[in-house]
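Colleague: Just need the structure, nothing else, for what follows:
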Amino acid sequence: MEGGFPPLEEEGGCLKVALVHDWLVSCRGGEKVLNALLEMFPQATLYTLFHEPGSVPGPTQHTPIYTSFLDKPWIRKRHRMFLPLFPLAIRTLSLKGYDLVVSSSHCAAKAIRLPPATPHLCYIHAPLRYMWDRFDDYFGKGRASLPLRLAAHALRPFLQRWDVRSAQRVTRFIANSRHVARQVKLRYNREAGVVHPPVDLERFLPLPLEGSGGGGYFLCFGALAPYKRLDLAIEAFKRLGLPLWVAGSGQEEGVLRRNLPSNIRWLGQIAEHEVPPLLHGAKALIFPGEEDFGLTPIEAQACGRPVIALGRGGALETVVEGKTGLFFAEPSVASLEGVVGAFGAFEKGFLPKEARENAVRFSKAHFWQGIGAELEILLGRMFSST
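Modeller: Numbers count the residues shown, from 1 in each chain. Prediction:
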């Protein structure tokens, strides 16, 4: 562990802390943030809408977890279909007797019901993603069935209003990026501090630091959700004929892997221990979607590998153009294809050491320091690490 964080104390003992997370069904960026928070608050109790046991390795496996009435196996597998019930479900979780509540939210966790005097620090990954900027990615034509699209359009105004109302009950927001902080201001008219999510740098040591390194393939890696836009990468590499490896699973898998040419290798879901060598062996990570933040580009840079990313969203805060990666301007096949075509010239001057140094900015120690500073603002107390 990268250093440590001291327990938060008050007169008579440590603060009693509750953590709230939307749901626990897979281990993605939000769950990695949650694990870092659990390391910071090892005595905390965790509340969530539903929990698939074993889905999130790490501290969650040793933490008391309380769930809502939606915690049923058949709901966990199709949880987005039950989005209209989330406002009710999160309010049925009763949190009393806590000195501090910290939520990790991109959907419902920030709406947890609390006694009036309880301070609530919300680490927000995005405003309600499905109902704002990403609505068409999930419910646009070709993304969902006609009945589901009609239902989503009918419910959208209600869920947007609920999202805004519930945000007003948060004492203080922390955004995972400046990009999300701007969304918090736009959607909720609230200010938010910015603390970037942490990367476990020890898992992603570069091999080697000298030379350009890398193997013979480009890599797309992550959850196969609509907004990730892996379809752009696949179509671009179909045209280019260059080797692309695709790793991950999700609701877009059936569509994406259909009729793939021989230059595109489908890896499917991979284990956590397989991620570092996969990144080490890549010429570059392809990151084609607009993300609220995105941990994968930092993990690639921590391995000493460059990133080719859409020049929007969180990638603008994690990739240094011309030094640790390249940006393509538009979410189109032609735009990505043009930048991949120019990658050879960039690769000649690329230095893995510079990519690693950029990734170090996102260490767990920096994350804890940032959260500690926000707690100082929220609680008006001074907490210093030892």
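
Colleague: Where does the prediction get shaky in the stretch 251-386 of the chain?
Modeller: Regions of the stretch 251-386 of the chain meeting the criterion pLDDT under 70 cover residues 381-386.

Colleague: all strands for the stretch 51-200 of the chain, in order.
Modeller: 65-67, 100-105, 120-124, 172-175, 192-194 (DSSP state E, counting those that start in this stretch).

Colleague: How far away from the center of its chain is the second one?
Modeller: In other words, strand 100-105. Computed by C-alpha atoms, centre = their mean, to the nearest Å, the separation of strand 100-105 from the middle of its chain amounts to 16 Å.

Colleague: do the third one as well
Modeller: On the basis of C-alpha atoms, centre = their mean, strand 120-124 is displaced by 15 Å from the centre of the chain it belongs to.

Colleague: which residues touch that strand?
Modeller: 33, 37, 100-106, 109-110, 112, 114, 169-176, 180, 184, 192, 195, 371, 374-375, 378 (C-beta atoms under 8 Å, 6 or more residues apart in numbering). Every residue, glycine included, has its C-beta placed from N, CA and C.

Colleague: repeat that with 6 Å
Modeller: For strand 120-124, the surrounding residues in contact (C-beta atoms under 6 Å, 6 or more residues apart in numbering) are 101-105, 110, 114, 170-175, 378.

Colleague: about what we covered before: as a markdown table, the strands of the stretch 51-200 of the chain with mean pLDDT, mean neighbour count and distance to residue 84 would be great.
Modeller: Output for the strands of the stretch 51-200 of the chain, formatted as a markdown table (pLDDT from 0 to 100; neighbours: other C-beta atoms under 10 Å; distance: least, C-beta to C-beta, whole Å):
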| stretch | mean pLDDT | mean neighbour count | distance to residue 84 |
| --- | --- | --- | --- |
| strand 65-67 | 96 | 16 | 18 |
| strand 100-105 | 96 | 24 | 18 |
| strand 120-124 | 97 | 25 | 21 |
| strand 172-175 | 96 | 24 | 25 |
| strand 192-194 | 96 | 19 | 27 |
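
Colleague: In JSON lines: those strands, plus distance to residue 74.
Modeller: Formatted as JSON lines, these follow (distance: least, C-beta to C-beta, whole Å):
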{"stretch": "strand 65-67", "distance to residue 74": "14"}
{"stretch": "strand 100-105", "distance to residue 74": "24"}
{"stretch": "strand 120-124", "distance to residue 74": "29"}
{"stretch": "strand 172-175", "distance to residue 74": "34"}
{"stretch": "strand 192-194", "distance to residue 74": "36"}
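
Colleague: which one of these lies closest to residue 83?
Modeller: With C-beta to C-beta as the measure, strand 100-105 is the member of the strands of the stretch 51-200 of the chain nearest residue 83 (14.1 Å).

Colleague: just checking, what packs against the closest one?
Modeller: Helices and strands touching strand 100-105, by 3 or more C-beta pairs under 6 Å, 6 or more residues apart in numbering; DSSP states H and E, are strand 17-21, strand 120-124.

Colleague: thinking again about what came up before, which one of the contacts of strand 120-124 is nearest to residue 349?
Modeller: The nearest one, if we look at the contacts of strand 120-124 relative to residue 349 and count by C-beta to C-beta, is residue 175, at 33.6 Å.

Colleague: The closest one bridge partners, please.
Modeller: residue 124, residue 194 (DSSP bridges).

Colleague: Now do the contacts for it.
Modeller: So residue 175 contacts 124, 181, 184, 192, 194 (C-beta under 6 Å, 6+ apart).

Colleague: buried stuff in stretch 168-188?
Modeller: 170, 172-177, 179-181, 183-184, 187-188 (16 or more other C-beta atoms under 10 Å).

Colleague: re earlier: could you export the contacts of strand 120-124 to a markdown table, including columns for distance to residue 66?
Modeller: Shown next, in a markdown table, are these (distance: C-beta to C-beta, whole Å):
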| residue | distance to residue 66 |
| --- | --- |
| 101 | 13 |
| 102 | 15 |
| 103 | 14 |
| 104 | 15 |
| 105 | 16 |
| 110 | 17 |
| 114 | 14 |
| 170 | 20 |
| 171 | 21 |
| 172 | 24 |
| 173 | 24 |
| 174 | 23 |
| 175 | 26 |
| 378 | 23 |
